[in-house]
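Participant: With the sequence up front, the predicted model follows.
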Amino acid sequence: MLSSIRSSSTIADGGTTATPGSVANVDADGSLGEIAFTEPATGTSQDVDAPTESPTERPNVPDDADLDTPGYSIRSDMNDIETPDDKTWFMELDEAVIEEGRCIQCGTCVAACPSDSIGIGEDGLPKLVKMCTGCSLCWDMCPRGGLRYERQWKITGGEDNVSGAGDPITEFSATVEENWRENAQDGGLVTSILIHLLEADEIDGALIATESDEDARKAESFLATTPKECIENAGSFYNQTMALGNIDLKQWEHKLPEAKGWDEVSLALVGTPCEIEGIRALQDFDWDYQAHEEGVRAVEYTIALMCTKNFNYKKLMGEKLEEEHGIDRENIGKMDVIEGEMRVYDENTDLILQEDVENFHDAALKGCDECADFTGYAADLTVGSVGSSDEYSSVIIRTEQGLKAWELTEADLDYHDLESRNAIGKLQSWDKSKAFESLNRPFDPDAPRFIEYEDHAQNYSTELTPHEANH
């Protein structure tokens, strides 16, 4: 054992001084000399009993030290590794879409991440919660980033327009006559369809919106697994819920059948056209989406809600309705955007506000301006109020799956041929023209599905390499 100890020189008091590479405090015979212990410090920053000091304060910080969270430039400061050309990072999605106010809060990027690195921040926007691997999926699947959404319509639909977007199979104006329909939106069609899918054991649950317990008229994601839950949550909200960011089945484990494996669960997704585009794109690939993998694969029915725009909750409910119009959000029973107007009703369904929806443009999500998909081209079926009279909903069926859902429901409906295809067509054309004014890139259904970040950055004058700039 002693032969393994490197030499040290003995000093007069019987201790040792180590030569370079030796073991400190050990003499040539391997004996430990006298050791002097340092008394513990007192009254320093970690003295939690000191009345004027906080245990969270950092002691002895140099004057020139910056303790704030570093910007993206820290990546290049810490190493000399060049970014591979084929990698796109969350920071680039953040730079081009989120920071620019173009995020439509669909949640596709959260669901797409194969390392669960993206979460949802307190502001309802995507947020990096752990290290990004640069896999590019969040960028590729974002309907305002790398996903050419108009190409997704064509890929989803196919040449025969039966398995997805394209010309409708059939269209109706329909309503539900059951007494629960009082709180539903228009004809109550979505709720009725979901109830029949549940009762026929076609689905185990439906991802819909529910009202927040904390904030009146604020929508949050909710998995309805019973007809009662569908009825209780009938109606529409006008803020996004990051729906696809809440499709992790483990989040809803307590509501799903215990006897079924994750790969056996079947869901319906009710959402805006952009959310349907997102889930369709995710399902087209065999990537492993980690926490959201089983949820993405479980969606077997998609129902799109006709949509021209969605809103920022705080701006719409706080700044517009409460501050400008004096309407307490707690007293709102129903809201609707119809015939170009924002209509607000009280709890007795009496109209309390009727105003041009353009007056609420400042509260709308900026990214909605770029959407040309008013009728949900990629959905199995679409439901909305345009094209039908009061108390009726317009229903557009685009796929065999959508037709199956309709056939399960039609016996309980009062329905007839769609009353006004022209009204829907006009609003679709108006929506598309608005999108063409806002899109900085070419609108081209025949172009590749994914847009390279470099091309997008050129069209939108976005920072090409945000990791080299201090954002």
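Facilitator: On my side now, so go ahead. Numbers count the residues shown, from 1 in each chain.

Participant: make it CA atoms for all contacts and neighbour counts henceforth
Facilitator: OK.

Participant: domains of this protein?
Facilitator: 1-37, 162-449 (automatic domain parsing).

Participant: Most tightly packed of those?
Facilitator: domain 162-449 (a mean of 19; mean count of other C-alpha atoms under 10 Å).

Participant: so how far is that one off the chain centroid?
Facilitator: 15 Å (C-alpha atoms, centre = their mean, to the nearest Å).

Participant: How about stretch 133-140?
Facilitator: Worked out by C-alpha atoms, centre = their mean, stretch 133-140 lies 15 Å from the chain centre.

Participant: OK, contacts around residue 262?
Facilitator: 249, 294 (C-alpha atoms under 8 Å, 6 or more residues apart in numbering).

Participant: picking up where we left off before, mind checking the domains of the chain for the one nearest to residue 149?
Facilitator: Ranking these by proximity to residue 149 (C-alpha to C-alpha) places domain 162-449 first, at 6.7 Å.

Participant: If you average the pLDDT over that closest one, what comes out?
Facilitator: For domain 162-449, mean pLDDT is 91.

Participant: ok, which stretches of the stretch 1-150 of the chain are helices?
Facilitator: Secondary structure of the stretch 1-150 of the chain (DSSP state H, counting those that start in this stretch): helices at 74-78, 90-93, 108-112, 137-141, 149-157.

Participant: Then the stretch 301-450 of the chain?
Facilitator: Under DSSP H, counting those that start in this stretch, the stretch 301-450 of the chain gives helices at 313, 400-409, 421-438.

Participant: could you point out which element follows the longest one?
Facilitator: The helix or strand immediately downstream of helix 421-438 is helix 453-460, counting by DSSP states H and E.

Participant: which residues touch that next one?
Facilitator: Outside helix 453-460, the residues that touch it by C-alpha under 8 Å, 6+ apart are 88, 92, 96, 139, 145, 146, 440, 441, 462, 463, 464.

Participant: So which bits of that helix are buried?
Facilitator: Along helix 453-460, these residues count as buried under the neighbour rule (16 or more other C-alpha atoms under 10 Å): 453, 454, 456, 457.

Participant: could I have the helix or strand encompassing residue 193 exported to CSV, CA atoms only?
Facilitator: Under the criterion of DSSP H and E, residue 193 resides in helix 189-199. The C-alpha coordinates for helix 189-199 follow below in CSV (Å, rounded to 0.1, in the frame of the first residue of the first chain):
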residue,chain,number,x,y,z
LEU,A,189,-74.9,19.5,-33.4
VAL,A,190,-71.4,19.0,-32.0
THR,A,191,-72.7,17.9,-28.6
SER,A,192,-75.2,15.5,-30.2
ILE,A,193,-72.6,13.9,-32.4
LEU,A,194,-70.3,13.4,-29.5
ILE,A,195,-73.0,11.9,-27.4
HIS,A,196,-73.9,9.4,-30.1
LEU,A,197,-70.2,8.5,-30.7
LEU,A,198,-69.9,7.8,-26.9
GLU,A,199,-73.1,5.8,-26.7
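
Participant: the inter-axis angle of it versus helix 400-409?
Facilitator: Going by axes from the mean of the first three to the mean of the last three C-alpha atoms, to 10 degrees, helix 189-199 is angled at 90 degrees with respect to helix 400-409.

Participant: tell me what helix 189-199 is packed against?
Facilitator: Under the contact definition 3 or more C-alpha pairs under 8 Å, 6 or more residues apart in numbering; DSSP states H and E, helix 189-199 sits against strand 170-176, helix 227-232, helix 400-409.

Participant: can you list contacts of the last one?
Facilitator: The reference is to helix 400-409. Applying C-alpha under 8 Å, 6+ apart, the external contacts of helix 400-409 come out as 162, 163, 192, 193, 196, 197, 200, 301, 302, 380, 381, 397.

Participant: Now tabulate those residues in TSV and tack on distance to residue 269.
Facilitator: Shown next, in TSV, are the contacts of helix 400-409 (distance: C-alpha to C-alpha, whole Å):
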residue	distance to residue 269
162	19
163	17
192	14
193	12
196	14
197	12
200	17
301	6
302	5
380	10
381	11
397	15
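
Participant: got a list of what residue 417 touches?
Facilitator: For residue 417, the contact set (C-alpha under 8 Å, 6+ apart) comprises 171, 172, 173.

Participant: I'd like these laid out as a markdown table, including distance to residue 157.
Facilitator: Conversion of those to a markdown table gives the following (distance: C-alpha to C-alpha, whole Å):
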| residue | distance to residue 157 |
| --- | --- |
| 171 | 17 |
| 172 | 20 |
| 173 | 23 |
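
Participant: Residue 112 against residue 282, yeah?
Facilitator: Yes: using C-alpha atoms under 8 Å, residue 112 is in contact with residue 282, at 6.9 Å.

Participant: so what's in contact with the two at the same time?
Facilitator: In contact with both residue 112 and residue 282: residue 141, using C-alpha under 8 Å, 6+ apart.

Participant: For residue 415, which non-adjacent residue is closest in space?
Facilitator: Of all residues not flanking residue 415 in the chain, residue 174 sits nearest, at 4.0 Å (C-alpha to C-alpha, 6 or more residues apart in numbering).

Participant: Hmm, the one you found is touching residue 413, no?
Facilitator: Yes: if you go by C-alpha under 8 Å, residue 174 and residue 413 touch, sitting 6.4 Å apart.

Participant: Just give me the lowest mean pLDDT stretch among the helices of the stretch 1-150 of the chain.
Facilitator: Across the helices of the stretch 1-150 of the chain, the lowest-scoring stretch is helix 74-78, with a mean of 51.

Participant: Does residue 369 touch residue 432 like I think?
Facilitator: No: at 9.4 Å, residue 369 does not count as touching residue 432 under the criterion of C-alpha under 8 Å.

Participant: hang on, the earlier thing: buried subset of the contacts of helix 453-460?
Facilitator: For the contacts of helix 453-460, buried by 16+ other C-alpha under 10 Å: 88, 92, 96, 139, 145, 146, 441, 462, 463, 464.

Participant: Looking at the residues you listed, which two lie furthest apart in space?
Facilitator: Across the buried ones among the contacts of helix 453-460 (C-alpha to C-alpha), the longest gap, 18.6 Å, separates 88 and 441.

Participant: returning to that earlier point: columns distance to residue 151 on top of the domains of the chain, output as JSON lines?
Facilitator: Below are these laid out as JSON lines (distance: least, C-alpha to C-alpha, whole Å):
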{"stretch": "domain 1-37", "distance to residue 151": "67"}
{"stretch": "domain 162-449", "distance to residue 151": "4"}
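
Participant: Which among the ones you listed is found nearest to residue 135?
Facilitator: Of all the domains of the chain, it is domain 162-449 that lies closest to residue 135, at 11.0 Å by C-alpha to C-alpha.
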